[in-house]
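Engineer: below are the sequence and a predicted model; questions follow.
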Protein chains: 2
Amino acid sequence: MFSPLIKELMESLRCLPGVGPRSSQRMALHLLERDREGALRLAKALGEAAEGVGRCRDCRTLCEDDRCDICAHAGRDQTMLCVVENPSDVMAFEQAGGYRGRYFVLMGHLSPIDGIGPDDIGITELLQLVTKNQVSEVILATNPTVEGEATAHYIAEELKRRDVEATRIAHGVPLGGELEYVDGGTLAHALAGRRKLVT
Amino acid sequence: MFSPLIKELMESLRCLPGVGPRSSQRMALHLLERDREGALRLAKALGEAAEGVGRCRDCRTLCEDDRCDICAHAGRDQTMLCVVENPSDVMAFEQAGGYRGRYFVLMGHLSPIDGIGPDDIGITELLQLVTKNQVSEVILATNPTVEGEATAHYIAEELKRRDVEATRIAHGVPLGGELEYVDGGTLAHALAGRRKLVT
């Protein structure tokens, strides 16, 4: 019973992750009743980003310039490369602080079932970058999932053949919280990866 | 650390109700990584709706035509008027089915604290419509909140002066569910509004 423009707006909003029929209706009516300025700003931002955002030449993350801020930053150690699955993982590491090397963003992980092979996640480009920048250590920071682990191992094998050191971020219990709520797999990893406290 | 276009997209998404910093990031990256077509479609829909959607001349609901589908429908009884707060309330009644009259959408409720008076919610237009269409019954279906009740009573007083019958939708226990979970106010209303079962 909504008019065509409102219906189309509601349907278009469904492209957003986590937005179903109820929330798309709420969002559309909210924008039309109370925030048309916001709607126009969002329309502009969506158009410009969808048309203008590409990939960084070096690390393949999303950005509109030829190279992203981090790859273009002279102060970042280019011989250290941290491989992550998504742009948001870069953000997570940057917010955690302490890392001064560079990144490589796979934009996914190996997934043979879905037909996603090494070429689809830029492993050729990764190996080229490793050679070009004379990278001495590649930190594999893919997600601690089955696919993430498989991807990390695949890359590690490729790097071994090229005599480049590959390391994997530590698996263990996260800081804060209580041990009894940590899952068994994590606990087993934490136990196997134990280290001497006083060395 | 995201590039300007991506940052602007994330910030613009915050105009959507219920979207905070985490979900705006997830939404922006999802669109850029996986659904640029959806992003462009949404941009177009937002722009067209924000520029093109106005108010129905009669019932004041959101629509891009001079009159909405319901007001333009010759088969709807124009002597019966259901007053609601929002366009989504019209939708709720239409989905429930059974009502063949017309609507009037206040687009809000009286709220003296926020400076929202009778003129801001179109009560003058409502009274004009009642006269124009020779409305015989106005069903007050504002929300069962303090503001909704106050708005209903204000309109009822105005209609009484014009000798037009005003009714209020029934308050009582909702269908389904169990009595023990119904709040006291609702239960008291349900009790006070009891009716003979066999008449």
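Structural biologist: Everything's here; your move.
Engineer: just how off-centre is the longest strand seen in chain A within its chain?
Structural biologist: When chain A is parsed with DSSP state E, its longest strand is strand A:77-84. Distance, stretch centre to chain centre, for strand A:77-84: 14 Å (Cα atoms, centre = their mean, to the nearest Å).
Engineer: what does that strand rub up against?
Structural biologist: A:90, A:93, A:99-106, A:126, A:129-130, A:133-142, A:152, A:155 (Cβ atoms under 8 Å, 6 or more residues apart in numbering or on different chains). Where you see a C-beta, it was placed from the backbone N, CA and C, and this is true even at glycine.
Engineer: also near chain B: which of the residues you listed, exactly?
Structural biologist: Among the contacts of strand A:77-84, the residues lying close to chain B (Cβ under 8 Å from any Cβ of the partner chain) are residue A:90.
Engineer: filter the contacts of strand A:77-84 down to just the buried residues.
Structural biologist: Buried members of the contacts of strand A:77-84, counted by 16 or more other Cβ atoms under 10 Å in any protein chain shown: A:90, A:93, A:99, A:101-106, A:126, A:129-130, A:133, A:135, A:137-142, A:152, A:155.
Engineer: and the most centrally placed residue in chain A, what does it touch?
Structural biologist: Nearest to the mean C-alpha position of chain A, by Cα atoms, centre = their mean, lies residue A:86 at 1.3 Å. Contact analysis of residue A:86 by Cβ under 8 Å, 6+ apart lists A:105, A:107, A:108, B:29, B:33.
Engineer: tell me the pLDDT of residue A:146.
Structural biologist: The model reports residue A:146 with a pLDDT of 92.
Engineer: around it, how many other residues sit close by?
Structural biologist: 10 (other Cβ atoms under 10 Å in any protein chain shown).
Engineer: with residue A:198 instead?
Structural biologist: By other Cβ under 10 Å, neighbour count at residue A:198 equals 3.
Engineer: and it, what helix or strand is that in?
Structural biologist: Under DSSP states H and E, no helix or strand contains residue A:198.
Engineer: and the helices in chain A?
Structural biologist: With DSSP state H as the criterion, chain A has helices at A:4-13, A:21-34, A:36-52, A:69-72, A:87-96, A:123-132, A:146-161, A:184-192.
Engineer: measure residue A:25 to residue A:10 for me?
Structural biologist: 6 Å (Cβ to Cβ, to the nearest Å).
Engineer: can you read off the pLDDT for the residue lying farthest from the centre of chain A?
Structural biologist: Within chain A, the residue lying farthest from the chain centre (Cα atoms, centre = their mean) is residue A:1, at 40.8 Å. Residue A:1 is assigned 74 on the pLDDT scale.
Engineer: mind checking how far the residue lying closest to residue A:142 once chain neighbours are set aside is from chain B?
Structural biologist: Nearest non-adjacent residue to residue A:142, counting by Cβ to Cβ, 6 or more residues apart in numbering or on different chains: residue A:148, 3.7 Å away. Remark: distance between residue A:148 and chain B (Cβ to the nearest Cβ, to the nearest Å) = 17 Å.
Engineer: return the worst-scoring helix or strand of chain A on mean pLDDT as PDB; C-alpha atoms alone will do.
Structural biologist: Least confident helix or strand, chain A: helix A:184-192 with a mean of 84, by mean pLDDT, DSSP states H and E. The C-alpha coordinates for helix A:184-192 follow below in PDB (Å, rounded to 0.1, in the frame of the first residue of the first chain):
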ATOM      1  CA  GLY A 184      37.800 -26.400  24.300                       C
ATOM      2  CA  GLY A 185      39.600 -25.800  21.000                       C
ATOM      3  CA  THR A 186      41.000 -22.500  22.200                       C
ATOM      4  CA  LEU A 187      42.000 -23.900  25.500                       C
ATOM      5  CA  ALA A 188      43.800 -26.800  23.900                       C
ATOM      6  CA  HIS A 189      45.700 -24.300  21.700                       C
ATOM      7  CA  ALA A 190      46.500 -22.100  24.700                       C
ATOM      8  CA  LEU A 191      47.900 -25.100  26.500                       C
ATOM      9  CA  ALA A 192      49.900 -26.400  23.600                       C
END
